Each structure stands twice: as structure tokens, then as C-alpha cells.
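Participant: sequence-free structure coming up:
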């Protein structure tokens with residue numbers, strides 16, 4: 001297994017630790033969750049760059065890299081729903097898009113084709129990761145308030161609305177990327 005693929009697998013392996021840090025209440029758990037999510041996100045940045053620069057692009061990487069992104073992002077969003085930080089409708093839209101795209105990829109794979117992520121899929125993933133990171137940063141700021149740092153009383157409400165707006169912006173990119181993906185790969189879902 002080459003280095004880019006190892007980074008992809010590492011991203012998947014970091015997910016349970018991220019989820020545990022996010023859901024288990026201990027001092028600075030949001031900070032630990034952010035560090036783990038940031039590390040996992042960096043593997044996404046580096047695996048593709050290394051693969052292209054060193055000519056190490058593989059079919060496994062083309063398939064596993066977007067799958068690892070989905071596992072990381074959906075885990076975060078589902079935890080956010082449980083914590084009351086995200087609307088479940090946004091997550092349902094994301095899940096619908098991801099199941100649709102994964103289904104098309106599986107059909108293409110059965111026909112001997114590997115479909116790499118397109119630019120809209122990358123924009124979607126980056127927007128989701130930015131939203132998740134911003135929400136985690138806002139939770140860290142609120143944790144400081146719990147530790148005795150004086151914060152404006154309206155901050156929690158402002159952060160809640162800001163987080164929801166960021167999630168919905170990334171959801172719009174999710175919809176766009178899903179529509180583009182289906183349009184570009186409709187030959188795999190036709191009856192021919």
C-alpha cells in the first residue's frame with residue numbers, strides 16, 4: 001500500500017477517536033475533537049497531492065479517498081445532530097447525495113470503470129469540513145465560558161445560528177455536486 005492510500009486509511013481510523021472526543025464530555029473535549037478532525041482533514045489534503053505528484057494514483061485511492069471523506073463528514077454531522085448543533089434535514093440531504101453517488105460508483109465499478117471525484121465533490125467536501133471546523137471552534141469558545149472566562153450572553157445563540165448557516169451553505173454545495181455527478185454519469189444508471 002502506497003503512502004497516499006495509507007493516509008486515506010488513517011483518515012478512516014481517526015473517525016472513532018474523533019467521535020469519542022466529540023460525544024464524551026471531558027475537559028477540553030471539543031479541542032481534542034478539533035485536533036483529530038483537523039488531522040484527518042489534513043490527510044485528505046496530502047493524500048491526493050502526494051498521489052498526483054509522485055504518480056501514485058490508484059483505483060483504490062480513487063474509490064477509498066471520497067469514501068473516507070464521507071465517513072469523516074457524516075460522522076461529524078450525525079454527532080452534531082445528537083448534540084443539537086445541526087438540523088437533521090441537512091444530514092438527510094447529505095446522506096441522500098452520498099448514497100446516490102456511491103451507488104453510481106458501484107455500478108460503474110461493476111462495469112470496470114472507476115469514477116474519480118470531480119471539482120464539485122471537492123468543493124462540497126471542503127465546505128463541509130470548514131463548517132465542521134468552525135462549529136468545533138465555536139464550541140471551544142463556549143467551553144471557555146464554562147471554565148469561567150467571561151463571554152457575552154448572546155454568544156451561544158449567535159454561534160448556534162452561525163453553525164446552522166454554515167451547515168446549510170455546505171448542504172447547498174452538496175446538492176449542486178450531487179446533481180452534477182448524476183448528470184455527468186447518467187450512462188451508468190440508464191437501462192442500456
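Facilitator: Good, I have the coordinates. Since the structure is predicted, the reported quantities are computational estimates derived from the model, not experimental observations.
Participant: Helices of this structure, residue ranges please.
Facilitator: 3-23, 29-54, 59-82, 88-110, 119-146, 155-184 (DSSP state H).
Participant: Turn those helices into a markdown table, including mean pLDDT and distance to residue 190.
Facilitator: The way it works is simple: take the backbone N, C-alpha and C, and place the C-beta from them, glycine included. Below are the helices of the chain laid out as a markdown table (pLDDT from 0 to 100; distance: least, C-beta to C-beta, whole Å):
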| stretch | mean pLDDT | distance to residue 190 |
| --- | --- | --- |
| helix 3-23 | 95 | 31 |
| helix 29-54 | 92 | 30 |
| helix 59-82 | 90 | 22 |
| helix 88-110 | 93 | 10 |
| helix 119-146 | 92 | 21 |
| helix 155-184 | 95 | 11 |
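Participant: mind putting the ones you listed in a markdown table, mean neighbour count included?
Facilitator: Converted to a markdown table, the helices of the chain look like this (neighbours: other C-beta atoms under 10 Å):
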| stretch | mean neighbour count |
| --- | --- |
| helix 3-23 | 18 |
| helix 29-54 | 18 |
| helix 59-82 | 20 |
| helix 88-110 | 16 |
| helix 119-146 | 18 |
| helix 155-184 | 17 |
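Participant: who touches stretch 128-140?
Facilitator: The contact list for stretch 128-140 (C-beta atoms under 8 Å, 6 or more residues apart in numbering) reads 28, 30-31, 33-34, 37-38, 41, 44, 73, 76-77, 80, 85-86, 94, 159, 162-163, 166-167, 169-170, 173-174.
Participant: Now residue 24. Its backbone dihedrals?
Facilitator: Reported as degrees, to the nearest 10, the phi and psi values for residue 24 are phi -90, psi 120.
Participant: List the contacts of the residue positioned nearest the centre of the chain.
Facilitator: Residue closest to the average C-alpha location in the chain (C-alpha atoms, centre = their mean): residue 73, at 2.5 Å. Residue 73 makes contacts with 94, 125, 128-129, 132, as judged by C-beta under 8 Å, 6+ apart.
Participant: Ok, residue 91 next?
Facilitator: 74, 77-78, 80-81.
Participant: at 7 Å what do you get?
Facilitator: 77-78, 81 (C-beta atoms under 7 Å, 6 or more residues apart in numbering).
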